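Enquirer: Prediction below, plus the sequence it came from.
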Amino acid sequence: MSETAEPNVGSFTLADPLIAEPTGTIAVPEHEEWTLPHGFAWVFPGEGNSGRLVRPVIMADGFNLGRSKLDVLYHGLENGAFPFVSELRRRGRDVILLGFDERSASILDNAQAAEAAIMRAVAEQVGDALLAVGGFSMGGIVTRYALAHMESQRMDHRTGLYFSYDSPHRGASIPVGVQAFSHFIPFPNDFARQMNSPAARQMLWQHYDKDTGKTGVAPERTEFLAALDRLGGWPRIPRLIGVANGRADGTGLPDVKPGEVALRIDGIYPGTTFYTQAQGDDVTAAYLNRRFPKADKTITTNGFPEVDGAPGGTLHTYRILADTMEKLGGTVDLRHEDVCFVPSVSAVAVRDIDKQDDLYANIDELSPDESELDDFLCSSTTTAHTAVTGELCTWIMDRLPD
């Protein structure tokens, strides 16, 4: 270890389980690849369609750093708790996996890839079945914007159904202390690039600014929401549905109490401690410390709800960070592996997430009309963000256009 700097622990990124890389070789069936502006797509024809596009379902990749790895996405969709791709194809659906050249690029840029994929599917399709278009996590936001933009340009997207899978319609949450730590690492690193990327700035409901040290709504998020609003917020032609990996009954993560230690690090970055988010002003979210070059910093928040333990799809935020620290010689006291990433109320577009009562709302007791979606389903149990489950996937498949 260098005596002039802490080790560069920022080689990781925060990724949902759907796109976590497995060990070993990934087997992917034969497919066609499309080259698109800002992206690409893999096409898997449905059973009985003789290799032609008949009933296309476009599914967009989510947020991370770098180019989409569609083999990993395919593996996550097919080899988890439910074989989503196989079931779609068995029902005669043509599966089109949409990837991006840079997953952390602006949503507006990646929406160009989605528009191109839709237009190519329309051009190559045999018959008159309507398309289904959507995506996982940020992929659902990209396709939402793309469809709305196409309608504003009077482009015929021939889409009968839009779907989102745990997409952050009202924003996502990464603990502010974790965001700040990415920039506290005294080297350029992938984690910091991910946290400061255009997509992260557009997606996160609160973003830590590395230049000012302040936390708030990033200008890029304000600009994106304004751009979306100019398009009417949503596409108007297709039916709009969505699913959430979190529960609907207001039950979050009962073990994640506010203001507790989530993770403490020693050996390297000694004494660095992250706390679960609590309500109030001047609340300590993290204490950051490094030996070389010597520095320490306390990260505080004002007026936040208890977002870490909220109902929603979870991310292995602190487990990912702890594992990285241990690999580089640190010791860890890990008390909370998972925290909420996309709150349920955000995934089903029913409430904003900046107020405690809204964040923990019992969605089951709300009028369905409060959602901006035409129909939605929350998971019966708390599951990981974008976890592919039979409950959620079957619900979506049963609503695909005829």
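Expert: Done, it's in. Numbering: from 1, shown residues only.
Enquirer: Check the gap between Ala123 and Pro56 for me.
Expert: Going from Ala123 to Pro56 by C-beta to C-beta, to the nearest Å gives 11 Å. C-beta coordinates here come from the backbone N, C-alpha and C atoms, glycine included.
Enquirer: ignore the last one, Tyr287
Expert: Applying C-beta to C-beta, the value for Tyr287 to Pro56 is 51 Å.
Enquirer: Give me the more crowded residue out of the two.
Expert: Neighbour comparison, Tyr287 and Pro56: the larger count goes to Pro56, with 27 against 16 (by other C-beta atoms under 10 Å).
Enquirer: Touching, the more buried one and Gln125? I think so.
Expert: Yes. Contact criterion C-beta atoms under 8 Å: Pro56 and Gln125 qualify, at 6.2 Å.
Enquirer: what residues are shared contacts of the two?
Expert: Shared contacts of Pro56 and Gln125, defined by C-beta atoms under 8 Å, 6 or more residues apart in numbering, comprise Leu131.
Enquirer: Can you tell me the SS state at Val43?
Expert: Put simply, Val43 is strand when judged by DSSP: H, G, I helix; E, B strand; the rest coil.
Enquirer: would you list every one of the helices in this protein?
Expert: For the chain, applying DSSP state H gives helices covering 70-78, 84-90, 107-124, 138-152, 176-184, 190-195, 198-203, 219-230, 317-327, 344-347, 356-359, 390-397.
Enquirer: Packed most tightly, which of these would that be?
Expert: helix 344-347 (a mean of 31; mean count of other C-beta atoms under 10 Å).
Enquirer: Could you export that one as CSV, CA atoms only?
Expert: Taking Å, rounded to 0.1, in the frame of the first residue of the first chain, the C-alpha atoms of helix 344-347 are listed here in CSV:
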residue,chain,number,x,y,z
SER,A,344,-42.7,1.8,-4.2
VAL,A,345,-44.5,5.1,-4.5
SER,A,346,-41.9,6.2,-7.1
ALA,A,347,-42.1,3.0,-9.1
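Enquirer: What helices and strands are in contact with it?
Expert: Here helix 344-347 touches strand 239-244, strand 312-315, going by 3 or more C-beta pairs under 8 Å, 6 or more residues apart in numbering; DSSP states H and E.
Enquirer: from the chain's centre, how far out does it sit?
Expert: 12 Å (C-alpha atoms, centre = their mean, to the nearest Å).
Enquirer: for stretch 155-163, same thing?
Expert: Its chain's average C-alpha position is 22 Å from that of stretch 155-163, according to C-alpha atoms, centre = their mean.
Enquirer: what comes up buried for that stretch?
Expert: By neighbour count on 16 or more other C-beta atoms under 10 Å, the buried set for stretch 155-163 is 157-163.
Enquirer: And stretch 329-348, by the same measure?
Expert: 330, 332, 334-348.
Enquirer: that older thread, tell me which of the helices of the chain approaches Glu32 most closely.
Expert: Closest of these to Glu32 is helix 107-124, at 9.7 Å (criterion: C-beta to C-beta).
Enquirer: chain center to that closest one: distance?
Expert: 20 Å.
Enquirer: just checking, what packs against it?
Expert: strand 32-36, strand 39-44, strand 56-60, strand 94-100, strand 131-136, helix 138-152, helix 198-203, helix 219-230.
Enquirer: Can you tell me, leaving aside adjacent residues, what's nearest to the residue at minimal distance from the centre of the chain?
Expert: Nearest residue to the geometric centre of the chain (C-alpha atoms, centre = their mean): Ser137, 3.5 Å. Excluding the flanking residues, the one nearest Ser137 by C-beta to C-beta, 6 or more residues apart in numbering is Gly62, at 3.2 Å.
Enquirer: next one: Val142
Expert: Asn110 (4.9 Å).
Enquirer: hmm, back to that, now for the buried residues of stretch 155-163: which two are most distant?
Expert: Arg158 and Phe163 (15.6 Å).
Enquirer: Surely Glu87 and Met397 touch.
Expert: Yes. With contact defined as C-beta under 8 Å, Glu87 reaches Met397; the gap is 6.6 Å.
Enquirer: about what we covered before: between the helices of the chain, which one is closest to Pro45.
Expert: helix 84-90 (7.5 Å).
Enquirer: Pull that closest one out as PDB, backbone CA atoms only.
Expert: C-alpha atoms of helix 84-90 as PDB (Å, rounded to 0.1, in the frame of the first residue of the first chain):
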ATOM      1  CA  PHE A  84     -38.900 -14.200 -18.500                       C
ATOM      2  CA  VAL A  85     -37.400 -14.300 -22.000                       C
ATOM      3  CA  SER A  86     -38.300 -18.000 -22.600                       C
ATOM      4  CA  GLU A  87     -41.900 -17.400 -21.300                       C
ATOM      5  CA  LEU A  88     -42.300 -14.400 -23.600                       C
ATOM      6  CA  ARG A  89     -41.000 -16.400 -26.600                       C
ATOM      7  CA  ARG A  90     -43.200 -19.400 -25.700                       C
END
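Enquirer: for the record, mean pLDDT for it?
Expert: What helix 84-90 shows for mean pLDDT is 97.
Enquirer: Please apply the same query to stretch 284-303.
Expert: Here stretch 284-303 scores 97 as its mean pLDDT.
Enquirer: follow-up on the earlier one: mind putting the helices and strands packed on helix 107-124 into a markdown table with mean pLDDT and distance to Leu253?
Expert: As requested, the helices and strands packed on helix 107-124 are arranged in a markdown table below (pLDDT from 0 to 100; distance: least, C-beta to C-beta, whole Å):
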| stretch | mean pLDDT | distance to Leu253 |
| --- | --- | --- |
| strand 32-36 | 98 | 38 |
| strand 39-44 | 98 | 34 |
| strand 56-60 | 98 | 28 |
| strand 94-100 | 98 | 30 |
| strand 131-136 | 98 | 21 |
| helix 138-152 | 98 | 22 |
| helix 198-203 | 98 | 21 |
| helix 219-230 | 98 | 25 |
